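Student: turn this into a structure:
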Amino acid sequence: MEPRICSVIKKHRSSYPKPIALKAGDKVTTGKIFTENSRWQNWRWCSSQDGREGWIPEQYLNISGQVGTILCDYSGNELDVDLDEQISVYKIVNGWAWAKNSAGEFGWVPLQNISF
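Tutor: The predicted model follows:
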């Protein structure tokens with residue numbers, strides 16, 4: 001998919017210095033559903049077998065009880081971005097954009113922080 005170039009209209013800093021990272025087929029323990037912001041629906045808190053925790057889009061999971069199987073490779077990395085920075089957006093999921101900055105780093109940025 002061809003990325004869309006966007007401008008950052010509000011800086012963002014990650015809250016998770018050691019993000020969860022998973023491969024398709026990995027198992028996680030599923031927890032609560034995110035409810036604190038209506039713009040960010042369908043995110044579920046999960047714990048990986050290596051002890052890392054983070055939010056995962058529900059559509060990336062096949063859930064049975066409290067166990068989820070990851071359906072595709074996933075990184076919970078949040079991208080630190082600054083005002084007026086240009087980023088390339090590759091996909092949009094549940095109110096967040098998967099993007100790349102000019103240094104070549106990938107991560108999630110809240111949609112409300114960017115302008116198309």
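
Student: which residues of the protein fall in strands?
Tutor: Along the chain, the segments classed as strands by DSSP state E run 4-8, 21-22, 27-33, 43-48, 53-57, 61-64, 67-70, 74-75, 86-93, 96-100, 106-110, 114-115.

Student: helices or strands next to the fifth one in the packing?
Tutor: If I follow you right, that is strand 53-57. strand 43-48 (3 or more Cβ pairs under 8 Å, 6 or more residues apart in numbering; DSSP states H and E). Quick note: C-beta positions are derived from backbone N, CA and C, even for glycine.

Student: what mean pLDDT does the strand it packs on get?
Tutor: The pLDDT scores in strand 43-48 average 97.

Student: same question for stretch 92-104.
Tutor: On average, stretch 92-104 scores 96.

Student: circling back to that earlier point, can you tell me which of the strands of the chain is nearest to residue 14?
Tutor: In terms of Cβ to Cβ, the element of the strands of the chain nearest to residue 14 is strand 106-110, at 7.3 Å.

Student: between the two ends of stretch 36-53, how far is it?
Tutor: 18 Å (Cα to Cα, to the nearest Å).

Student: in that stretch, what's buried?
Tutor: 40, 43-48, 52-53 (16 or more other Cβ atoms under 10 Å).

Student: redo those residues as JSON lines? Include distance to residue 68.
Tutor: JSON lines is the format used below for the buried residues of stretch 36-53 (distance: Cβ to Cβ, whole Å):
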{"residue": "40", "distance to residue 68": "18"}
{"residue": "43", "distance to residue 68": "12"}
{"residue": "44", "distance to residue 68": "7"}
{"residue": "45", "distance to residue 68": "11"}
{"residue": "46", "distance to residue 68": "6"}
{"residue": "47", "distance to residue 68": "10"}
{"residue": "48", "distance to residue 68": "10"}
{"residue": "52", "distance to residue 68": "14"}
{"residue": "53", "distance to residue 68": "13"}
